[in-house]
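Sequence and predicted structure below; questions after.
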Amino acid sequence: MIHLNKIILLPLIAIVTLLATTEAHGQTPTIRGHFSRDSIEVGDRVEYIIDIETDRAVNIGVPDFRKARTPQQLKELHSKKRSISTYEEYNEDIFEYIDEAELDTVGIDGRKLHLRKRYTLAAMETGALPMLPVILYFDKNRDKPDTLYSRDTLYLNVKGYMELDTTLFLKADPTAQEGIGVDNDKAQALLQDDGIFTQKNLPFQFAEIRDYAIYGIIGLILLSLVIWFLASLIAKHRQREAVMEKPAPKLPPHIVAIKALEELKNRKLWQNNKHKLYYSSLTSILKIYIEDRWQVSVLDKTSNEVMAELRDVEMSRESRGDLMQIFQTADFVKFAKVIPEAEENEVAYTRAFYFVENTKCEEEPHNKDKREITIETKIDE
């Protein structure tokens, strides 16, 4: 399943990576321009403003109204990459350069920048003077700059030394009789878009996505290594869980009881005057052993009820007597608060130990000649 997922995921990841990088770096800037006033007198100054929205990775070149460049200078400028200066893009016969502000960043939204360039120009002609906002921009992976024009041509209404009227230039015929209204058809013709100007339609070049492809391949390799590493960790974890979940073989009841008795002895409870806890633990160990050995429920029963449950169980008289003696001593300690002698505590432990030994389920065929082990026989040995 892991190999199949890798086969499916890797091509998809490569495509998404390339698309994401192209989306991030391949956006064309947007521009729009306006004049600070729509009507001025000839010789007056006006601010010409260009607003640009662009990606951080795109370098922008703005118009230079200060001087014209020769065709050779323009050719050299267009051959440069990533070092955009400014360029000549205006008719110096109708506008005169006065001053300009530095290209300013007026807004930041993630990778997108909002830039603004301001010029102070003087109008040298009268009439509806056109201005088409335009910039140069270098995309990260292009070999030469692109020219981007605004969708709208701006018009500045420049009149002579008379009272300004922003609709005078729209009147149909200046020789017509006075009082004629605005010619709407002519107004629409003058104010309509000069067409949609976009960047040059360059043919596709591998250089446009070369860097992205390299980064995408490297990212794909790294991502594949991460997926392989994580898949290995998951596989090892599942194997470990499978081993841990596998139930360990259950120990025989007498082994469990003997280990519990040994732990009880090491706790030295009665030696520290904890007689009640000692006998409660001792009887609990025996009750658990009896339940597992003969499949009877005795854990919550009294001593007499335990013995009644074992009435039909095959057991030697000595073992039955030892068990009864242990329960009786425990009842005296727990309910009558009797404090047995040290020797009696040792005898109760020994009786419990040999009760388990003499009643355990033999794995080997039972030896009929096997002698019953009691405290007395152990002492005789």
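Right, received. Where do you want to start?

what helices or strands is the top helix by length along the chain leaning on?
Using DSSP state H, we find that the single longest helix of the chain is helix 207-245. Here helix 207-245 touches helix 2-25, going by 3 or more C-beta pairs under 8 Å, 6 or more residues apart in numbering; DSSP states H and E. Where you see a C-beta, it was placed from the backbone N, CA and C, and this is true even at glycine.

Quick check: mean pLDDT of the helix it packs on?
Helix 2-25 shows a mean pLDDT of 49.

Going C-terminal from that helix, what's the next secondary structure element?
Elements were assigned by DSSP states H and E; along the chain past helix 2-25, the next helix or strand is strand 30-35.

Which positions in that following strand come out as buried?
Ile31, Gly33, His34, Phe35 (16 or more other C-beta atoms under 10 Å).

Counting by contacts, list what that strand packs against.
Short answer (3+ C-beta pairs under 8 Å, 6+ apart): strand 30-35 packs on strand 45-55, strand 154-159.

List the strands paired with whichever helix or strand comes after that strand, with their directions.
Following strand 30-35 in sequence order, the next helix or strand is strand 39-41 (DSSP H and E). Its sheet considered, strand 39-41 pairs with strand 154-159 (parallel) by DSSP bridges.

Only the C-alpha atoms, please, for the strand it pairs with, written as CSV.
The C-alpha coordinates for strand 154-159 follow below in CSV (Å, rounded to 0.1, in the frame of the first residue of the first chain):
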residue,chain,number,x,y,z
LEU,A,154,-5.2,59.3,-19.9
TYR,A,155,-6.2,62.7,-21.3
LEU,A,156,-5.3,66.0,-19.7
ASN,A,157,-7.4,68.9,-20.9
VAL,A,158,-5.1,72.0,-21.4
LYS,A,159,-6.7,75.3,-22.3
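
and it with strand 45-55, angle?
180 degrees (axes from the mean of the first three to the mean of the last three C-alpha atoms, to 10 degrees).

got the angle for strand 154-159 vs strand 30-35?
Using the same axes, to 10 degrees: strand 154-159 against strand 30-35 is 10 degrees.

Of all the helices and strands packed on strand 30-35, which one comes closest to His114?
Nearest to His114 among the helices and strands packed on strand 30-35 is strand 45-55 (5.5 Å), distances taken as C-beta to C-beta.

as a whole number, average confidence for the very next helix or strand once past the closest one?
Remark: after strand 45-55, the chain's next helix or strand is strand 59-61, criterion DSSP H and E. For strand 59-61, mean pLDDT rounds to 85.

Now do the strand or helix carrying Ile290: everything it contacts.
Taking DSSP H and E as the definition, Ile290 sits inside helix 275-294. With C-beta atoms under 8 Å, 6 or more residues apart in numbering as the contact definition, helix 275-294 has outside contacts at 253-254, 256-257, 260-261, 264, 267, 269-270, 296-299, 301, 303, 306, 309-310, 313, 323, 326-327, 329-330, 333-334, 337, 339-340, 345, 348-349, 352, 355-356, 359-361.

Pull the contacting residues for Phe355.
Contacts of Phe355 by C-beta under 8 Å, 6+ apart are Leu286, Ser319, Asp322, Leu323, Ile326.

helix/strand/coil for Arg151?
coil (DSSP: H, G, I helix; E, B strand; the rest coil).
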